[in-house]
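Engineer: next one to model:
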Amino acid sequence: MRFQSDLGPMDLKSNHASPVLADQVPVNMSRLGRSSSLTPYSATYSSGLHLNIPRRRALSGKLDEVRATSWLDAMKASSPPRKKMNMDINLDASPAEVDALYLSWVKIYPSALTSFEQITNYAKGKKIALFLDYDGTLAPIVDSPDHAFMSSDMRAAVKIVASYFPTAIISGRSRDKVHEFVGLTELYYAGSHGMDIIGPLRDSKIPSNNPNCITSTDEQGKEVNLFQPASEFLPMIDEVYRSLMENTKDIIGSKVENNKFCVSVHYRLVDEKSWDLVAQRVFKVLENYPWLRLTYGRKVLEIRPIIDWNKGKAVEFLLDSLGLNDRDDVLPIYVGDDRTDEDAFKVLREGNKGCGILVSSAPKETNAYYSLRDPSEVMEFLTSLARWKKTEMATH
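Structural biologist: The predicted model follows:
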């Protein structure tokens, strides 16, 4: 079954590839802390992932400004004022116009609540695997990322749904941080956009001697797989974090967060007149790190290793870990709100494997099939899913 609206197949022209920062130059391998047999420009990483290494010429101040200006446009587009839209809409549109546009959009991406029967009809006889983003999905977007707490009611909803379905949290935050926020041991966690995964033991397709996949124990003493495909980048990420802390400390409202395998530069509390300064400072730090790339989300710039790994890859890895990959009797459901979740939506759409649910009160181009307005609707959806499963089990 293809998940689609009553309006027929969707043909969106979204381009979710990460922007390229600069031209390519030879890589300083010593920055990775190894003499390394890796060959510049076409390196085979120890995890078996293939790296496309960008060369980089020294940036002139003028070129830096041009690129920062270009990124400033992207920062504004990805961070619209609340109640405004981020597609082709006038930011001065009236509330009535905004509501009309949303109603048109939701016909293409219907609410997962009003379409709940359709989803559960397809789920009959299938094993659901549930994947959830954190910020903006389980917890509201707040000014300070340290205060993005989920409610006790949401925690209860996640706990009960995890008692019926294998459930994983896939977040851009560090795995330890998101685990601290969620506080549930019955879940699987993938932090740093899937670059730090703790999941069930499995008959792995990854060689047992792979240095990025090890057997560990969780808080309950249960053996689990710990998969970190970017483990060799940790010293570099720490170095970039310290440098960004130093170089942005004079920008009022900026906050640099170390998410272990990526660094997040938040500008939610920065005066918009200084957003270009944030971009310039980030570019300045990244000049000497061609193995890192810059992406963006809602009022955040994120620095990540250049490896072929994202939330979509994390979904595939966890499905494989659970023994649920490439099966017709499995329905993966992914719920997320940000552009980084599009990689997961795309995996489910392209493989007709399951359905993505975008959390947004504003029209967005997306690879998801359904929508929910906000975390409160996410909680209602999770509660309904658990109630449906309980009823189904009682009647069989």
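
Engineer: where does this structure have low pLDDT?
Structural biologist: Residue ranges of the chain with pLDDT under 70: 1-74, 76-92, 201-211, 217-223.

Engineer: could you pull out the helices for it?
Structural biologist: Assigned by DSSP state H, the chain shows helices spanning 61-78, 95-108, 116-123, 152-162, 175-182, 234-248, 275-286, 311-321, 342-350, 375-394.

Engineer: in the second one, what counts as buried?
Structural biologist: It refers to helix 95-108. Within helix 95-108, the residues that count as buried by 16 or more other CB atoms under 10 Å are 98, 101, 102, 105, 106, 108. C-betas here are computed from N, CA, C, even on glycine.

Engineer: how about those residues in a markdown table, adding distance to residue 262?
Structural biologist: Converted to a markdown table, the buried residues of helix 95-108 look like this (distance: CB to CB, whole Å):
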| residue | distance to residue 262 |
| --- | --- |
| 98 | 33 |
| 101 | 33 |
| 102 | 32 |
| 105 | 30 |
| 106 | 32 |
| 108 | 32 |
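
Engineer: so residue 292 bridges to which residues?
Structural biologist: Under DSSP bridges, the beta-bridge partners of residue 292 are residue 305.

Engineer: surely residue 292 is in contact with residue 302?
Structural biologist: No: the criterion here is CB atoms under 8 Å, and residue 292 misses it with residue 302 at 10.1 Å.

Engineer: mind listing what residue 100 touches?
Structural biologist: Going by CB atoms under 8 Å, 6 or more residues apart in numbering, residue 100 touches no other residue.

Engineer: quick one: it and residue 186, what's the gap?
Structural biologist: 42 Å (CB to CB, to the nearest Å).

Engineer: what does residue 127 give?
Structural biologist: With CB to CB as the criterion, residue 127 and residue 186 are 17 Å apart.

Engineer: neighbour count for these two, which is higher?
Structural biologist: residue 127 (15 against 11; other CB atoms under 10 Å).

Engineer: roughly how far does that one sit from residue 354?
Structural biologist: 11 Å.

Engineer: joint contacts of these two?
Structural biologist: 330, 331.

Engineer: what sits closest to residue 148 if chain neighbours are left out?
Structural biologist: The shortest distance from residue 148 to any non-neighbouring residue, by CB to CB, 6 or more residues apart in numbering, is to residue 139 (4.7 Å).

Engineer: what's the neighbour count on the one you found?
Structural biologist: Residue 139, neighbours per other CB under 10 Å, totals 21.

Engineer: list the contacts for it?
Structural biologist: Residue 139 neighbours (CB under 8 Å, 6+ apart): 148, 149, 150, 151, 154, 181, 375.

Engineer: one more time with 10 Å, if that's ok
Structural biologist: Contacts for residue 139 (CB atoms under 10 Å, 6 or more residues apart in numbering) come out as 133, 147-151, 154-155, 178, 181-182, 375, 378.

Engineer: I'd like the helices of the chain laid out as JSON lines, including distance to residue 195.
Structural biologist: Shown next, in JSON lines, are the helices of the chain (distance: least, CB to CB, whole Å):
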{"stretch": "helix 61-78", "distance to residue 195": "21"}
{"stretch": "helix 95-108", "distance to residue 195": "32"}
{"stretch": "helix 116-123", "distance to residue 195": "30"}
{"stretch": "helix 152-162", "distance to residue 195": "22"}
{"stretch": "helix 175-182", "distance to residue 195": "9"}
{"stretch": "helix 234-248", "distance to residue 195": "10"}
{"stretch": "helix 275-286", "distance to residue 195": "18"}
{"stretch": "helix 311-321", "distance to residue 195": "8"}
{"stretch": "helix 342-350", "distance to residue 195": "12"}
{"stretch": "helix 375-394", "distance to residue 195": "24"}
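
Engineer: which of the ones you listed is buried the deepest?
Structural biologist: helix 311-321 (a mean of 24; mean count of other CB atoms under 10 Å).

Engineer: report the angle between that helix and helix 342-350.
Structural biologist: 60 degrees (axes from the mean of the first three to the mean of the last three CA atoms, to 10 degrees).

Engineer: for helix 311-321, which helices and strands make contact with it?
Structural biologist: strand 127-132, strand 167-170, strand 188-191, strand 196-200, strand 223-227, strand 330-336, helix 342-350 (3 or more CB pairs under 10 Å, 6 or more residues apart in numbering; DSSP states H and E).
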